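Peer 1: Next come a sequence and a model predicted from it.
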Amino acid sequence: MALVTLEHVSKSYPASGRTAELVTAVDDVSLEIDAGDVYGIIGYSGAGKSTLVRLVNALEPATSGSIRIDGREITGLRERELRGIRLGIGMVFQQFELFDAKTVRGNVAYPLKVAGWRTADIRARVDELLAFVGLTDKAGARPDELSGGQKQRVGIARALATRPRILLADEATSALDPETTQEVLALLKRVNEEQGVTIIVITHEMDVIHSIATKVAVMDRGRVIEHGDVFDVFSSPRHPSSQRFVGTVIKGVPSPAELAVLRERHEGRIVTCSFRDGDASQARVFLDLAEAGLEFELVYGGINDIRGRAFGHLTLAVRGDEAAIDRALAAVARHTDVTEVR
Ligand SMILES: Nc1ncnc2c1ncn2[C@@H]1O[C@H](COP(=O)(O)OP(=O)(O)OP(=O)(O)O)[C@@H](O)[C@H]1O
């Protein structure tokens, strides 16, 4: 049984102004997140990612649909019951949201005090958490004495305090530099692997997805337009909108501006071929073009690595007889994804 199940979930808000119009932030989303997943939710700004997470965290009620956490329906629950559900879900934020006036120890202890833990138990749990995130020596420091990465480690320790089964991370590394991002991602990975916590990460950063996510859902205008195994979704996105989004975050696919430059510099028809780990098709592409008597030039490319599996894109400028190019591209398309950029 899935740990989090969403069925036909929608959330609308009144649009600003005096109209009776509604903004549909989440539109008919159905999704299953299994225990142990690190589930990435990606998409352009305004796609509805944060709203979706607020619904899962029971911070706001859905307008319609069903949300089940560990088999329990949360839509329609009363505030008191929702508080119990929220204790089982930790939350980490982009801007850390620490209490500036409290020490590191005070920040991590806070949710335990709210939950009514005994003082001695709080002390022992906080010690354990600070050791886990590597901040034992900073227990007495205040947040303004910490680096961004250290602040986020405090945020993670605080989110884990009540032993939640689910951790929601909303752009948790977006305010950090690349090196610190890797450090925080490594910690999140340990949270998942060593503590068995299921993690839902909202992000627009490819690094986050390919370092830790096992599954991914792409959101666009409130809808989940594609979801599945990270490697499958990123190496061959099916939906045009996820192709566009994925194209902006992976290596090897030229942006529209880069394409304009390629067109100026290179004569011929511009085509992009996609390859996946284990494909035997790379040599075949070149053979098909050469056997058709065509001239071609590699003009752009890149390889991506997702948890040890590689996929890549090569862009070529192909020159020669038009009909011969059509025939060769049809042959290439039989063993690899090829897109002509017009
Ligand atoms: N409380 C609200 N009242 C009215 N509209 C809202 C509210 N919250 C979100 N929206 C609208 O819902 C849509 C989705 O917003 P949301 O913040 O969930 O997107 P997002 O994908 O998380 O974007 P970002 O990456 O910028 O945070 C947007 O059009 C937003 O303006």
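Peer 2: Right, received. Where do you want to start?
Peer 1: Could you use CA atoms for every contact and neighbour count after this?
Peer 2: Noted.
Peer 1: helices or strands next to the top helix by length along the chain in the packing?
Peer 2: For the chain, the helix that runs over the most residues, judged by DSSP state H, is helix 178-195. Other elements packing on helix 178-195 under the criterion 3 or more CA pairs under 8 Å, 6 or more residues apart in numbering; DSSP states H and E are helix 148-160, helix 206-212.
Peer 1: Can I get the helix or strand just after it as PDB, trimmed to CA atoms?
Peer 2: Under the assignment DSSP states H and E, the closest C-terminal helix or strand after helix 178-195 is strand 198-203. Taking C-alpha atoms only, strand 198-203 is exported to PDB below (Å, rounded to 0.1, in the frame of the first residue of the first chain):
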ATOM      1  CA  THR A 198      10.100   8.800   2.800                       C
ATOM      2  CA  ILE A 199      11.100  12.200   1.300                       C
ATOM      3  CA  ILE A 200       9.100  14.400  -1.000                       C
ATOM      4  CA  VAL A 201      11.300  17.100  -2.600                       C
ATOM      5  CA  ILE A 202      10.000  20.100  -4.500                       C
ATOM      6  CA  THR A 203      12.700  21.500  -6.700                       C
END
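Peer 1: Need the residues that contact strand 198-203.
Peer 2: Residues from elsewhere that reach strand 198-203 (CA atoms under 8 Å, 6 or more residues apart in numbering): 34-43, 49-50, 165-172, 174, 192, 209, 213.
Peer 1: one more time with 7 Å, if that's ok
Peer 2: Strand 198-203 is contacted from outside by 35-42, 49, 165-171, 192, using CA atoms under 7 Å, 6 or more residues apart in numbering.
Peer 1: Could you look up the SS state of Gly65?
Peer 2: With DSSP: H, G, I helix; E, B strand; the rest coil as the basis, Gly65 sits in strand.
Peer 1: quick one: contacts for it?
Peer 2: Glu7, His8, Val9, Ser10.
Peer 1: Now neighbour count, distance to the ligand and secondary structure too, for those, in JSON lines please.
Peer 2: Output for those, formatted as JSON lines (neighbours: other CA atoms under 10 Å; distance: CA to the nearest ligand atom, whole Å; DSSP: H, G, I helix; E, B strand; the rest coil):
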{"residue": "Glu7", "neighbour count": "15", "distance to the ligand": "18", "secondary structure": "strand"}
{"residue": "His8", "neighbour count": "14", "distance to the ligand": "16", "secondary structure": "strand"}
{"residue": "Val9", "neighbour count": "21", "distance to the ligand": "13", "secondary structure": "strand"}
{"residue": "Ser10", "neighbour count": "24", "distance to the ligand": "11", "secondary structure": "strand"}
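Peer 1: Give me every residue in this structure lying close to the ligand.
Peer 2: Contact residues (CA under 6 Å from any ligand atom) of the chain with the ligand: Tyr13, Ala25, Ser45, Gly46, Ala47, Gly48, Lys49, Ser50, Thr51.
Peer 1: Can you say which of those are buried?
Peer 2: Among the residues of the chain next to the ligand, those classed as buried by 16 or more other CA atoms under 10 Å are Ala25, Ala47, Gly48, Lys49, Ser50, Thr51.
Peer 1: Among those, which are located in strands?
Peer 2: Ala25 (DSSP state E).
Peer 1: Next, format the buried ones among the residues of the chain next to the ligand as CSV and append pLDDT and distance to Ser255.
Peer 2: Shown next, in CSV, are these (pLDDT from 0 to 100; distance: CA to CA, whole Å):
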residue, pLDDT, distance to Ser255
Ala25, 95, 28
Ala47, 91, 21
Gly48, 94, 24
Lys49, 93, 24
Ser50, 91, 27
Thr51, 94, 29
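Peer 1: ok, the buried ones among the residues of the chain next to the ligand vs Ala217, which is closest?
Peer 2: Of all these, Lys49 has the smallest distance to Ala217: 9.8 Å, by CA to CA.
Peer 1: List the residues that contact the closest one.
Peer 2: So Lys49 contacts Ile41, Ile202, Met219 (CA under 7 Å, 6+ apart).
Peer 1: which residues in this structure form strands?
Peer 2: Counting by DSSP E, the strands of the chain are 4-14, 22-33, 38-42, 64-69, 72-73, 89-93, 166-170, 198-203, 215-220, 223-229, 269-276, 295-306, 309-319, 337-340.
Peer 1: possible to save those strands as TSV with distance to Asp121?
Peer 2: Output for the strands of the chain, formatted as TSV (distance: least, CA to CA, whole Å):
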stretch	distance to Asp121
strand 4-14	30
strand 22-33	32
strand 38-42	29
strand 64-69	27
strand 72-73	29
strand 89-93	19
strand 166-170	22
strand 198-203	24
strand 215-220	36
strand 223-229	40
strand 269-276	51
strand 295-306	41
strand 309-319	44
strand 337-340	57
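Peer 1: Nearest to Gly252, out of these?
Peer 2: When the strands of the chain are compared by CA to CA, strand 295-306 sits nearest Gly252, at 3.7 Å.
Peer 1: other SSEs contacting the closest one?
Peer 2: Here strand 295-306 touches strand 309-319, going by 3 or more CA pairs under 7 Å, 6 or more residues apart in numbering; DSSP states H and E.
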